[in-house]
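# Here's my sequence, what's the structure:
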Amino acid sequence: MLIVMRECEDWFTRRVDGPVRKLALGGLVIALLGVAPAGASAASTFNLDCSQDTPGIGSPEAPLNSLFAANDVVLGPGDRLLIKRGTRCEGELAPRAEGSAEAPAVIGAYGFGTEPEIVGIGRRAVLIKDASHLVVEDLDVSNPGDAEPLGQGTSIRNGVEVVAATRTVVGVTVRRLTIHDVAGNLTKSEAGSAGIQASATGSPPIRFDRLLIEDNRITDVSRSGISISGTTDPTRPAATDSWPNASTGVVVRGNRVDEVAGDGIVPRGTDGAIVEGNVVSRGNLAGRPLTDPLGPLCNAGIWTFRSNNTVIQKNEVYSMEQNGCDGTGFDLDYRQDGTIIQQNYSHDNAGGFVLLCSDDADRSGDVRFNLSVNDATTINHGPCGIEQGIVGNLDGIRFFNNTVVAPAPSTSIQLGVVDRMFAAGDFEFRNNLIYATTLQPRPMACGEHCSHNLFFNLPASGRSAVTVNPRLVDASRTGNGRLAVGRSFRLAVKSPLRGAGIRLADSGELDYFRSWFDLGKRPAIGFDQGPAIEPKPPDRTVACSKARNSQRQIVRRLGTARRSLKRLRLKAAGSARILRAAGTVRRLVRQKKQRSRAVRINCRGVGL
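The predicted model follows:
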């Protein structure tokens, strides 16, 4: 019976493809065994090995051998298209897929070695169009064009493009990809060039629902690292109202974006998007100033646009270039509402920590519990939408409980330091720790609603300001690592800043370190709201063990030296040799006394 089944399966495999094949084989099993299926047909695995000369059927022994063949595969629930590691496929991978919530389809890798390479030769290397419940993972993706230098590409190019064109796309995950050398042009649009570009291009209500972009490494890309356009709906309601046409369930998490011509990560047309735990560095490399004959090209590390209720948290952004326009780590732009930028680490950005854009529409936005170290300016601000006739003010924006450490913290307009904020409106600046590492003669502009901030090494601004030494654990710390560096800027045990802030409504309950704090009490100034941590008494166990080992080594050496001296004296060796040996013994005796004293000090109270 098994032999007959295998022969029939081979015949159907050669003659019939895709779901039809699965249905036919299922019927074959029923006919031979008289057993009805318990539900959907069994999932299939299709193998692709572009190094093979002979086209196959997708089995491990006879894999498909081209992207053209792979694109003919239709993936159903639980089906997998696996590409052999260590191989290279040129062209466009554009599979058709429709998994299920319980059993998503998967495009990934098999075998051993490096990730399989998908090298694009056109607009994109990987196209996921109108496919739902699909996971794309463990691929090496590039789209180098003619290998133009970064920022000099002449056409739109993407590494991975996810498109919702004719229906809402549900449950797509793009994870663990290595995306590099994407030589797109610098067109700044909602369907421009990017390492990962997700675009809802169909008419509303077509959108994304549950789009996860996670743990990808993206480098050397023109122009954006990750760009999302969640709807073509030109309207955007207030954040407190429903927006059924916006993409929802969008999460961008744990990605590493480095060396990009433009922006790092930008979700647009979303409601409730979460951007967290990402690291973005060396962006805005092809930025252009406002006065450039080709027009300005302004970019930031992480920001959002035409969106509601975005949470940007626990990210690290550093080494953004300025190039005459923006180049900040973060951006709270116009045409957005309900944005929260919190618990992020921004450092060494040539354009500064955060860009605040004025708007003529009602909105809200918080920048809170962040750490900024050695950024060129603290707040870069201005009428970012002036070309569209949007000026307005900073009403509804709050900047509170941030810790800023830099040579010269400041408020500026494109790095031009100002003594008074532009169109501040009811902008609030409260409970911030502003620490200048060099003495500054100029105060920092912070608007008319500025209170309960610390200004150290620069003149105080606003009301109820504090100017004492904040007593940080280590204000000289620099480098990478959001939590590792952040711990150095916590308040030391005797810091006077605990309880020195003012309570604010809807201020959140978690500080930079995700520590809960009592909203009923006055907060501390700065990003650290945790309790004072008493320094632990030193653990003498390790020190005692080292001291004892060192003592034993000296005792052994002293014994060897004494035996050597005794032999020389018995042999009546020359006086010079005896004197040298005796000197060695005396030196080791002194060292033994020192090591014994070290043992007494380090092992006091230690039971070893």
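# any idea whether residue 554 is helix, strand or coil?
helix (DSSP: H, G, I helix; E, B strand; the rest coil).
# Please determine how far residue 475 is located from residue 549.
To residue 549, residue 475 is 37 Å away according to C-beta to C-beta, to the nearest Å. To be clear about C-beta, it is placed using only N, CA and C from the backbone, and glycine gets the same treatment.
# When the two are compared, which one has more neighbours?
More neighbours surround residue 475 than the other of residue 475 and residue 549, with 16 against 11 (other C-beta atoms under 10 Å).
# so who does the more buried one touch?
405, 435, 437, 488, 489 (C-beta atoms under 8 Å, 6 or more residues apart in numbering).
# Same list (the residues you listed) but as CSV, adding distance to residue 46.
Output for the contacts of residue 475, formatted as CSV (distance: C-beta to C-beta, whole Å):
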residue, distance to residue 46
405, 54
435, 58
437, 59
488, 51
489, 52
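# Just the buried ones from these, in PyMOL syntax?
In PyMOL, this line selects whichever of the contacts of residue 475 come out buried by 16 or more other C-beta atoms under 10 Å:
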select buried, resi 405+435+437+488+489
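# Quick check: the farthest pair among the contacts of residue 475?
Spatial extent of the contacts of residue 475 (C-beta to C-beta) is set by the pair 437 and 488 at 13.2 Å.
# What average pLDDT does the helix or strand residue 601 falls within get?
Here residue 601 sits within helix 575-602, counting by DSSP states H and E. For helix 575-602, mean pLDDT is 82.
# Packing partners of it?
helix 540-570 (3 or more C-beta pairs under 8 Å, 6 or more residues apart in numbering; DSSP states H and E).
# elements contacting the helix it packs on?
Looks like helix 540-570 contacts helix 575-602 (3+ C-beta pairs under 8 Å, 6+ apart).
# Domain ranges for this protein, per the record?
1-42, 120-327, 361-535, 540-602 (automatic domain parsing).
# Including distance to residue 112, could the ones you listed go into TSV?
Output for the domains of the chain, formatted as TSV (distance: least, C-beta to C-beta, whole Å):
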stretch	distance to residue 112
domain 1-42	26
domain 120-327	12
domain 361-535	32
domain 540-602	41
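# one step back: so how far is the helix holding residue 601 off the chain centroid?
56 Å (C-alpha atoms, centre = their mean, to the nearest Å).
# buried ones in that helix?
Those buried within helix 575-602 under the rule 16+ other C-beta under 10 Å are 581, 584, 585, 588, 591, 595, 598, 599, 602.
# Would you confirm that the third one contacts residue 568?
No. When contacts are counted by C-beta atoms under 8 Å, residue 585 is not listed as touching residue 568 (11.0 Å).
# Could you pull up the contacting residues of residue 137?
Here residue 137 is in contact with 106, 107, 108, 109, 173, 174, 175, 176, 177 (C-beta under 8 Å, 6+ apart).
# partners of it in the sheet?
residue 175 (DSSP bridges).
# Check the gap between it and residue 108 for me.
Distance of residue 137 to residue 108, computed by C-beta to C-beta: 5 Å.
# Residue 530 now?
Computed as C-beta to C-beta, the residue 530 to residue 108 distance reads 41 Å.
# Equivalent analysis for residue 342, please.
Residue 342 is 34 Å from residue 108, by C-beta to C-beta.
# More neighbours: which of those two?
Taking other C-beta under 10 Å, residue 342 and residue 108 do not tie; residue 342 has more neighbours (22 against 17).
# Contact partners for the more buried one?
Here residue 342 is in contact with 311, 312, 313, 366, 367, 368, 369, 370, 508 (C-beta under 8 Å, 6+ apart).
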